[in-house]
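> pasting the structure only:
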């Protein structure tokens with residue numbers, strides 16, 4: 001199958017690792033995937049790319065156009081792309097009421113099928129026909145390995161405990177102030193709190209394996225990839241109950257779901273630090289391996305065609 005992925009190209013790596021990894025999983029199944037990235041920001045930049053994409057599509061032919069994030073999908077629709085499959089992320093649904101309205105309009109006129117990442121997202125967007133297909137996890141990349149090796153990569157102090165807030169603290173929706181307050185409430189000696197800023201995707205498994213606990217305190221999420229990737233590394237996790245956290249984590253050992261209370265979060269971190277058995281998160285997300293998800297996406301493409 002000849003597929004075109006359309007997405008923003010404004011990240012430091014040029015294309016979101018989530019989008020690239022999904023395209024790669026489809027290529028491993030034998031499909032041909034091309035990537036078209038929108039490399040400008042703001043309304044003016046996206047409008048400009050409508051005409052650039054329209055010209056591109058006149059010279060190239062694809063069986064499926066798969067746009068990632070709503071703004072890229074709007075550009076694809078206005079550029080005349082057909083048939084369009086759209087993957088919506090948490091920010092499309094949770095961050096802007098205007099985007100939710102535009103999504104419903106575009107569904108009527110331009111988009112053939114919509115993919116959301118969780119049942120919570122489908123309820124939030126109000127589109128019952130949306131297919132729930134989470135992003136997959138590359139099990140060959142995200143796996144448990146030596147803590148000594150991972151600490152050498154992260155350059156963290158091997159004599160201390162490490163708590164990882166697995167996001168950029170500047171992103172307001174990730175709610176770093178709550179994580180910081182919980183860490184201060186913890187009042188634990190020889191324990192450090194780390195954040196993630198401009199870490200290449202290929203180094204992420206080392207950061208997960210170097211951490212003693214992964215914490216998530218987001219105001220909202222769709223289906224957080226960082227938690228799935230951490231589970232694939234058999235990490236201990238403390239996460240607030242947003243998006244599909246409860247569904248993903250389930251009863252995984254060494255993992256705790258909490259409310260938006262710094263004391264409750266601190267108590268769960270203490271429990272996670274004290275947990276000495278081997279966590280089993282990886283077994284809980286075997287259904288989310290990238291090859292399984294690629295098959296579901298391929299089946300959706302076949303339905304569209």
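That came through fine. Because the structure is predicted, anything quoted here is derived from the model rather than measured. Numbers count the residues shown, from 1 in each chain.
> element containing the nearest residue in space to residue 38 that is not next to it in sequence?
Sequence neighbours aside, residue 49 is the residue nearest to residue 38 in space, at 4.7 Å (criterion: CB to CB, 6 or more residues apart in numbering). Backbone N, C-alpha and C define where each C-beta goes, glycine included. Taking DSSP states H and E as the definition, residue 49 sits inside helix 42-58.
> can you list the domains in this structure?
Per automatic domain parsing, the structural domains of the chain span 2-136+289-304, 147-287.
> export those domains to a markdown table and tack on mean neighbour count and mean pLDDT?
As requested, the domains of the chain are exported to a markdown table (neighbours: other CB atoms under 10 Å; pLDDT from 0 to 100):
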| stretch | mean neighbour count | mean pLDDT |
| --- | --- | --- |
| domain 2-136+289-304 | 18 | 92 |
| domain 147-287 | 18 | 95 |
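> ok, now which ones touch residue 249?
Neighbouring residues of residue 249 by CB atoms under 8 Å, 6 or more residues apart in numbering: 227, 231, 237, 239, 255, 257, 281, 284.
> go ahead and flag the most central residue of this protein.
Note on the chain: the residue nearest the mean C-alpha position is residue 225, at 3.4 Å, using CA atoms, centre = their mean.
> ranges for the helices of the stretch 101-250 of the chain?
119-125, 147-154, 176-186, 204-210, 225-232, 245-249 (DSSP state H, counting those that start in this stretch).
> quick one: contacts for the nearest residue to residue 51 once chain neighbours are set aside?
In space, and not counting its chain neighbours, residue 51 is closest to residue 79: 7.6 Å by CB to CB, 6+ apart. Counting by CB under 8 Å, 6+ apart, residue 79 makes contact with 49-51, 53-54, 57.
> one more time with 10 Å
Residue 79 is in contact with 6, 36, 49-58, 65, 110, counting by CB atoms under 10 Å, 6 or more residues apart in numbering.
> cool, and residue 192?
Counted by CB under 10 Å, 6+ apart, residue 192 has contacts 156-157, 160-164, 183, 211-212.
> likewise residue 304?
Residue 304 neighbours (CB under 10 Å, 6+ apart): 63-64, 66, 83-85, 112-113.
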